[in-house]
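Novice: with the input below, show me the fold.
(one chain, ligands or ions: 1)
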Amino acid sequence: MNDIEKRVAELNKLLHEYEHAYYVLDKPLVPDAVYDQLLHELIALEKENPSLIYPDSPTTRVGGTAVDGFKKVTHRFPMLSLSNAFGEEDLRDFDRKIRQAIGDNFSYVCELKIDGLAISLKYENGVFVQGATRGDGTVGEDITANLKTIRAIPLRLKEPVTIEVRGEAYMPKKSFETLNQKREENGEETFANPRNAAAGSLRQLDPKIAASRNLSTFIYAIGGDGEAYGIDSHAEMLDYLETLGFPSNKERQLCATIDDVLTFISKWTENRQNLPYEIDGIVVKVNRYAHQDELGFTAKSPRWAIAYKFPAEEVVTKILDIELTV
Ligand code: NAD
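Specialist: Sure thing, here's the model as predicted:
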């Protein structure tokens, strides 16, 4: 094996190990920035050497796998991931590709990227019937009983519609601090961050535990075809979800240009500490469905959306240096 082949093999092995710890055990082995950096490195190496793309490379799949203990749910519409942007250059590149495909006459919706876990909720005639984790994007876990303990999730909608929605379940910062403090007092292991605490809470087989964890949620999408509900843009869809009684995040903004997107990002890079929940970036989506349809999807994510990730903090960079020189 030459050096590149060795590095690709090593990155595959490391990333699989980190993903298992993160998605299945809810106990990350390394900070997200380290994982993101290694994944980025693998993406770059695979781009230059396509023959080195393993069929099970972490770059080719979404998220985690369903754990035993819960019924499996096959999603009617796959729950995809988002491609990532780590800086202005990535965002401008994303914008350039979009303009090449659909021209200049479109707008973006910017949303906070809530640092929780993706959930899918099914309603039949307005009644909540099933809730699931994303799992590997195709098959998730049925966590209906746990999700019913989240007060923000409506059990009955304001209209008797049959609909599947997608959102993020999260643990507010306050709940996280209280929970870890209690765990420390009891000599129990503490959670690494609110995201892992939320995921751990929703994958408890006893819903009483989830109920005690004070989780909350924001809903940000309809699963499948929004047009079936007479909607033709993402912004309209968020308004519609609100009228049905879903909690949506208010800090969203329509942006006419990528410069406006960058301004929104700067604002939240400075202000995110003041939010009562953690965010790990900003999600940028092309607003109109007609444009989204034109842009389409890759196997893993939509081409009309990107997740900008906030830069790593000082302490993480240090760990990263060590990690990357190993
Ligand atoms: P992602 O975090 O890059 O983005 C996609 C997810 O964003 C969606 O599935 C959804 O859950 C969420 N989201 C939040 N707000 C949203 C909004 N308004 N609109 C749409 N989506 C929104 O992708 P991912 O595949 O969920 O996970 C990758 C993340 O997991 C990265 O942050 C990575 O660092 C972390 N990770 C860390 C480790 C580790 O070892 N530390 C291992 C694996 C993954």
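
Novice: just the buried residues of the one helix or strand Leu39 maps to, please?
Specialist: Following DSSP states H and E, the helix or strand that holds Leu39 is helix 32-48. The neighbour-count criterion (16 or more other CB atoms under 10 Å) identifies Asp32, Ala33, Val34, Tyr35, Asp36, Gln37, Leu38, Leu39, Leu42, Ile43, Leu45, Glu46 as the buried residues of helix 32-48. (Glycine included, C-beta is placed from N, CA and C.)

Novice: contacting residues for the last one?
Specialist: Residues counted as contacts of Glu46 (CB atoms under 8 Å, 6 or more residues apart in numbering) are Val8, Leu52, Ile53, Ser57, Thr59.

Novice: and it, how far from the ligand?
Specialist: 17 Å (CB to the nearest ligand atom, to the nearest Å).

Novice: same check on the second one?
Specialist: Counting by CB to the nearest ligand atom, the separation of Ala33 from the ligand is 7 Å.

Novice: what's the end-to-end length of stretch 187-203?
Specialist: Between the opening and closing residues of stretch 187-203 there is a gap of 21 Å (CA to CA, to the nearest Å).

Novice: so where do the helices sit in the stretch 151-300 of the chain?
Specialist: The residue ranges that make up the helices of the stretch 151-300 of the chain, judged by DSSP state H, counting those that start in this stretch, are 173-185, 194-202, 207-211, 234-244, 258-271, 289-295.

Novice: find me the pLDDT at the residue of the stretch 51-200 of the chain found nearest the ligand, would you?
Specialist: Across the stretch 51-200 of the chain, no residue is closer to the ligand than Ala118, which sits at 3.2 Å (CB to the nearest ligand atom). Reading off the confidence values, Ala118 has pLDDT 96.

Novice: ditto for Asp136
Specialist: We have a pLDDT of 89 for Asp136.

Novice: what's the neighbour count on it?
Specialist: Neighbours of Asp136 under the rule other CB atoms under 10 Å: 17.

Novice: surely it is in a helix?
Specialist: No. If the criterion is DSSP: H, G, I helix; E, B strand; the rest coil, then Asp136 is coil and not within a helix.

Novice: for the ligand, what are the nearby residues on the stretch 151-300 of the chain?
Specialist: If contacts are counted using CB under 6 Å from any ligand atom, the residues of the stretch 151-300 of the chain sitting beside the ligand are Glu168, Tyr220, Asp280, Val283.

Novice: quick check: closest non-adjacent residue to the second one.
Specialist: Closest residue to Tyr220 apart from its sequence neighbours, by CB to CB, 6 or more residues apart in numbering: Gly167 at 5.5 Å.

Novice: which of the contacts of Glu46 fall in helices?
Specialist: Counting by DSSP state H, the contacts of Glu46 place Val8 in helices.

Novice: quick one: which of the contacts of Glu46 has the most company?
Specialist: Scoring the contacts of Glu46 on neighbours with other CB under 10 Å, the highest-scoring entry is Val8 at 21 neighbours.

Novice: can you count the residues close to the closest residue to Tyr22 other than its chain neighbours?
Specialist: In space, and not counting its chain neighbours, Tyr22 is closest to Pro28: 4.7 Å by CB to CB, 6+ apart. Summarising burial for Pro28: neighbours were counted as other CB under 10 Å, giving 18.

Novice: so Pro28 touches Glu17, yeah?
Specialist: No. Between Pro28 and Glu17 there is no contact under CB atoms under 8 Å: 11.0 Å.

Novice: and Glu89, how far from His291?
Specialist: Remark: distance between Glu89 and His291 (CB to CB, to the nearest Å) = 23 Å.

Novice: of the residues of the stretch 151-300 of the chain next to the ligand, which pair is most distant in space?
Specialist: Maximum pairwise distance in these, criterion CB to CB, is 14.6 Å, between Tyr220 and Asp280.

Novice: so those two - more neighbours on which side?
Specialist: Here Tyr220 and Asp280 are set side by side on neighbour count (other CB under 10 Å), and the busier one is Tyr220, at 25 against 19.

Novice: related to what we said a few turns ago, looking at Glu89 and His291, which is more packed in?
Specialist: More neighbours surround His291 than the other of Glu89 and His291, with 20 against 9 (other CB under 10 Å).

Novice: please put the alpha-carbon coordinates of the helix or strand harbouring the residue of the stretch 51-200 of the chain closest to the ligand into CSV.
Specialist: Under the assignment given by DSSP H and E, the secondary-structure element containing Ala118 is strand 117-124. Taking only C-alpha atoms (Å, rounded to 0.1, in the frame of the first residue of the first chain), the coordinates of strand 117-124 have been written out as CSV:
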residue,chain,number,x,y,z
LEU,A,117,-31.1,14.5,17.0
ALA,A,118,-33.3,14.2,13.9
ILE,A,119,-36.7,12.8,14.5
SER,A,120,-39.6,12.0,12.2
LEU,A,121,-43.3,12.2,13.4
LYS,A,122,-46.3,10.7,11.7
TYR,A,123,-49.8,12.0,12.1
GLU,A,124,-52.9,10.3,10.8
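
Novice: okay then, goodbye and thanks.
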